[in-house]
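# Sharing a model that was predicted from the sequence below.
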Number of protein chains: 2
Amino acid sequence: MAKNYLRSIRLLSECMQLFELASARTVRQFGLTHSQFDIIATLGNTPGMTCKELGEKTLITKGTLTGVLDRLEQKGWIQRERGNDDRRQLFIRLTAEGERLFDEVFPQVVATGARRFTDYADEDFDTLEQALIKLKQHLSDAV
Amino acid sequence: MAKNYLRSIRLLSECMQLFELASARTVRQFGLTHSQFDIIATLGNTPGMTCKELGEKTLITKGTLTGVLDRLEQKGWIQRERGNDDRRQLFIRLTAEGERLFDEVFPQVVATGARRFTDYADEDFDTLEQALIKLKQHLSDAV
DNA sequence: TATTGTTATACTCTATAACTATA
DNA sequence: TATAGTTATAGAGTATAACAATA
């Protein structure tokens, strides 16, 4: 069993690396780091969210998050707003300029990735998706 | 097509995150960073390799690699040895202590991961593997 | 007392470019 | 000239713990 599992995980990791190699290049052309893109992409098409929520979605711990948000705020891409119901919370959301960035960079990252899927048939996607859904289920349950 | 592709990539990334969440904890308990573990794991069960080769396998660029290797050398886990045929090259390999570390940490990371695969049948692995192999093929070709 | 987010600390990774030594 | 690896530089991410404001 362990051998099967190692082989699958290695494949998983190799696929991610191949994919990220391409997207990283695009992301960097926009002057964004991986973490920064992660946050812009998470905030895109949402009304914003608290730091806590943002940290949970991006898996960035709160201390680190402050620094990353500082840099994004400094560049004018996000803004912080103190919550009304709970004044401890900060709502983070994209500024108009941040949305413009999102609208530009996100489709481009998607396109770069999509170019790699030429000839990938619907049934190929289905098979892959089913397998990954099952895997994800297992990985989640086992925590 | 783009939608299918996004869904698959998101799943891929979520699976990796779930998996790495567990392994990262184990790795950190041994005082290793992700990059450091990557190198130890790459060198394990090999007679060693050049910096160039190591950099290609781990996707760490040469300037960065020097620093990571410095820290590993300082802790006595790897050693550098000047090549004989080509005196520009350095052969990196695990020290006895590095191998001991590898023998301890690697199975534990594997075990932590494997625990999440209980009930995962051979055919589940086969399906997943086939789908991932096909995906990897596509991603590689499309570069 | 508990929670949200910031600050402070210390370290590691990162890309890049200039450099040394070999080839 | 080209290649293998180091050094220097300037950011950026990371975990952790102590902290302030609010609940």
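Great, that's in hand. Numbers count the residues shown, from 1 in each chain, chains lettered A, B, ... in the order given.
# only C-alpha atoms for contact and neighbour calcs from this point on.
OK.
# what residue ranges in chain A score low on pLDDT?
A:1-4, A:113-118, A:141-143 (pLDDT under 70).
# which helices and strands sit right next to the lengthiest helix in chain A?
Taking DSSP state H as the criterion, chain A has its longest helix at helix A:2-29. Helices and strands touching helix A:2-29, by 3 or more Cα pairs under 8 Å, 6 or more residues apart in numbering or on different chains; DSSP states H and E, are helix A:34-43, helix A:96-114, helix B:2-29, helix B:96-114, helix B:122-141.
# mind running it again at 6 Å?
Helices and strands touching helix A:2-29, by 3 or more Cα pairs under 6 Å, 6 or more residues apart in numbering or on different chains; DSSP states H and E: there are none.
# Could you give me the buried positions within it?
Residues of helix A:2-29 classed as buried by neighbour count (16 or more other Cα atoms under 10 Å in any protein chain shown): A:4-5, A:8-9, A:11-20, A:22-24, A:26-27.
# how close does the residue nearest the centre of chain A get to A:Glu56?
When Cα atoms, centre = their mean is applied to chain A, the residue found nearest the centroid is A:Asp38 (3.9 Å). Distance, A:Asp38 to A:Glu56, by Cα to Cα, to the nearest Å: 12 Å.
# Write out the residues of chain A neighbouring DNA strand D.
Contact residues (Cα under 7 Å from any atom of the strand) of chain A with DNA strand D: A:33-36, A:60-64, A:67-68, A:71, A:85-88.
# from those residues, which would you call buried?
A:Gln36, A:Ile60, A:Val68.
# quick one: contacts for the closest residue to A:Ala96 other than its chain neighbours?
Closest residue to A:Ala96 apart from its sequence neighbours, by Cα to Cα, 6 or more residues apart in numbering or on different chains: A:Trp77 at 7.6 Å. A:Trp77 is in contact with A:Leu94, A:Thr95, A:Glu97, A:Gly98, counting by Cα atoms under 6 Å, 6 or more residues apart in numbering or on different chains.
# Convert the C-alpha atoms of stretch A:71-78 to CSV, please.
Taking C-alpha atoms only, stretch A:71-78 is exported to CSV below (Å, rounded to 0.1, in the frame of the first residue of the first chain):
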residue,chain,number,x,y,z
ARG,A,71,2.6,45.2,1.2
LEU,A,72,-0.6,44.9,-0.8
GLU,A,73,-2.1,47.9,1.0
GLN,A,74,1.0,49.9,0.3
LYS,A,75,0.6,49.2,-3.4
GLY,A,76,-3.0,50.3,-3.3
TRP,A,77,-4.5,46.9,-4.1
ILE,A,78,-6.4,46.2,-0.9
